[in-house]
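Participant: compute the structure for the input listed below.
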Amino acid sequence: MNADATMEPVPGLEKLAPPSTVLGFAAPIEAGKTTLSLAVADRLKAPRVSFGEYLRWLAGERNMPITREVLQDLGDELVSRNVHGFCRDVLRRQPWRPGAPLVVDGVRHLEVLQALAEILAPAPEYLIYIKVDRETQAKRLAKDELRHEKPLNVLEQHPTERQVRSVLPDKAALVLDGTRPANELTLKVIAFLETTAEALGTNRDWDAQNSRRLELAEKKSVGELRGAEVAEFDQLQTEYFDYLDAKYPRTPADLDRLARIEARLNATHPPSGDE
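Facilitator: Next up is the predicted model:
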């Protein structure tokens, strides 16, 4: 999507009926969230808005240099000043279609996630988090067209980045490996939306059900689980592990990395016995 093609404000935002679903994408620097959000929006034929594209446009309007550091400072300023106003301005760039999904690229703050949920209610909101190792980040950052002067470790200390690794992963409905091919990740997002969104929707009080699961687990641990509670616990456990499988999709095991870890552990803690 061309950022310049969506810069005319759209009046009457508050009068639009909500989208069917909101898919927010969050990730550390250079994890591939923009590529993935574009692919998902294209696959769903869904409107897409981008905090990063909005900040680039705004920096240009203010005659500011478009660098990663400038965009970080600008984003932090807007979140601190009026997070709801910031989110509404971004949403005005590409109005959603009532009854259709909306893709939101570049969620970097819990406050933004909460503001979007309030503005777009009662549409269910799902955060897609893309994880990536720092070696991959550094390699991608070195080739990035967006200029920057500070190294990765300094960029990630900026206020706009602090919640990305520490807070947002726990808020995600789906966690993906950013080193995997984009088409593979796109299919996982589509599959999640088709098979999991309804199960995790707003009509289900997941927190309450999980609290009940933990309550029954505690009773089972002391041998007090009886009668109908046994079947209830089994059902809740099954649903819980289905949820974990959906949130953390399995990827092929890295056997070489596993062998290196096992060798290191064996060297640190040699096996005991008569061998």
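Participant: I'd say Val164 and Ala27 touch.
Facilitator: Yes. Between Val164 and Ala27 there is a contact at 7.1 Å, judged by C-beta atoms under 8 Å. The way it works is simple: take the backbone N, C-alpha and C, and place the C-beta from them, glycine included.
Participant: neighbour count winner among the two?
Facilitator: Ala27 (27 against 19; other C-beta atoms under 10 Å).
Participant: counting by contacts, list what the lengthiest helix in the chain packs against.
Facilitator: Scanning the chain for the helix with the most residues, using DSSP state H, yields helix 68-92. Other elements packing on helix 68-92 under the criterion 3 or more C-beta pairs under 8 Å, 6 or more residues apart in numbering; DSSP states H and E are strand 48-50, helix 51-61, helix 110-120, helix 152-155, helix 159-166.
Participant: run the chain-centre distance for that helix.
Facilitator: 18 Å (C-alpha atoms, centre = their mean, to the nearest Å).
Participant: any idea how far Ala173 lies from Ala41?
Facilitator: Computed with C-beta to C-beta, to the nearest Å, the distance linking Ala173 and Ala41 is 17 Å.
Participant: give me the more crowded residue out of those two.
Facilitator: A side-by-side neighbour count of Ala173 and Ala41, using other C-beta under 10 Å, places Ala41 first with 24 against 20.
Participant: element containing that one, please.
Facilitator: In this structure, Ala41 sits in helix 33-44 according to DSSP states H and E.
Participant: counting by contacts, list what that helix packs against.
Facilitator: Judged by 3+ C-beta pairs under 8 Å, 6+ apart, the packing partners of helix 33-44 are strand 21-26, strand 48-50, strand 101-105, strand 125-131, helix 182-195.
Participant: thanks again, I'm all set now.
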